[in-house]
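> Below is the sequence, then the predicted model.
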Amino acid sequence: MWKEFKEFSMKGNVIDLAVGVIIGGAFGKIVSSLVSDIIMPVIGLFLGQVDFANLFITLGSGEFKTIEAAKQAGVATLNYGLFLNNVIDFLIIAFSIFIIIKQINRFTKKKEQPAPKKTKTCQYCQSEIHIEAVRCPNCTSVLDNQGDYTA
């Protein structure tokens with residue numbers, strides 16, 4: 001069992017997946033910081049000094065200035081500002097991954113060569129026959145070497 005697990009875990013695609021998850025986690029932290037520390041404060045400034053991290057609705061009684069104050073008081077909150085931050089995080093990460101995958105596909109896409117023609121059409125019965133056939137198997141017309149048909 002250990003040998004099978006070792007073989008599985010050392011396959012190239014599993015290691016690639018692990019590296020991708022680690023890099024993705026680090027990239028997610030960078031984007032989260034970008035959104036919460038740079039983008040949202042600028043948006044909040046344009047909307048009149050709004051701090052999106054502290055946009056919430058209390059689901060109990062009392063007025064609180066921050067989410068932390070409401071949580072310390074034991075009041076449940078609906079944190080829609082943090083939700084907006086997370087939605088923007090997701091959109092930026094999804095768009096970044098889209099751009100990266102699009103570029104990878106552009107570089108790895110091979111120009112497909114059309115498959116060589118393997119059939120031809122009999123001029124008498126219009127059936128598909130092998131390209132090297134010298135006689136049509138359907139109507140028995142004799143074909144010459146140039147692909148012309150004779151009856």
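Looks like it arrived, so ask away.
> For the helix or strand residue 24 falls within, buried residues please.
Assigned by DSSP states H and E, residue 24 belongs to helix 12-34. Buried residues in helix 12-34, counted by 16 or more other Cβ atoms under 10 Å: 27, 31, 32. The C-beta positions use only the backbone N, C-alpha and C, and glycine is treated the same way.
> Pipe those into CSV and attach distance to residue 112 and pLDDT per row.
Below are the buried residues of helix 12-34 laid out as CSV (distance: Cβ to Cβ, whole Å; pLDDT from 0 to 100):
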residue, distance to residue 112, pLDDT
27, 33, 84
31, 36, 84
32, 41, 83
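> Using CSV, list the CA coordinates for the helix holding residue 24.
In CSV, the C-alpha atoms belonging to helix 12-34 read as follows (Å, rounded to 0.1, in the frame of the first residue of the first chain):
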residue,chain,number,x,y,z
GLY,A,12,4.3,14.4,-12.5
ASN,A,13,0.7,15.6,-12.6
VAL,A,14,0.3,15.2,-8.8
ILE,A,15,3.4,17.3,-8.1
ASP,A,16,2.3,19.9,-10.7
LEU,A,17,-1.1,20.1,-8.9
ALA,A,18,0.6,20.5,-5.5
VAL,A,19,2.8,23.3,-6.9
GLY,A,20,-0.2,24.9,-8.4
VAL,A,21,-2.2,24.8,-5.1
ILE,A,22,0.7,26.4,-3.2
ILE,A,23,1.3,29.1,-5.8
GLY,A,24,-2.5,29.7,-6.0
GLY,A,25,-2.7,30.1,-2.2
ALA,A,26,0.2,32.7,-2.3
PHE,A,27,-1.4,34.5,-5.3
GLY,A,28,-4.8,34.5,-3.4
LYS,A,29,-3.1,36.3,-0.4
ILE,A,30,-1.5,38.9,-2.7
VAL,A,31,-4.9,39.6,-4.4
SER,A,32,-6.7,39.7,-1.1
SER,A,33,-4.2,42.3,0.1
LEU,A,34,-4.5,44.2,-3.2
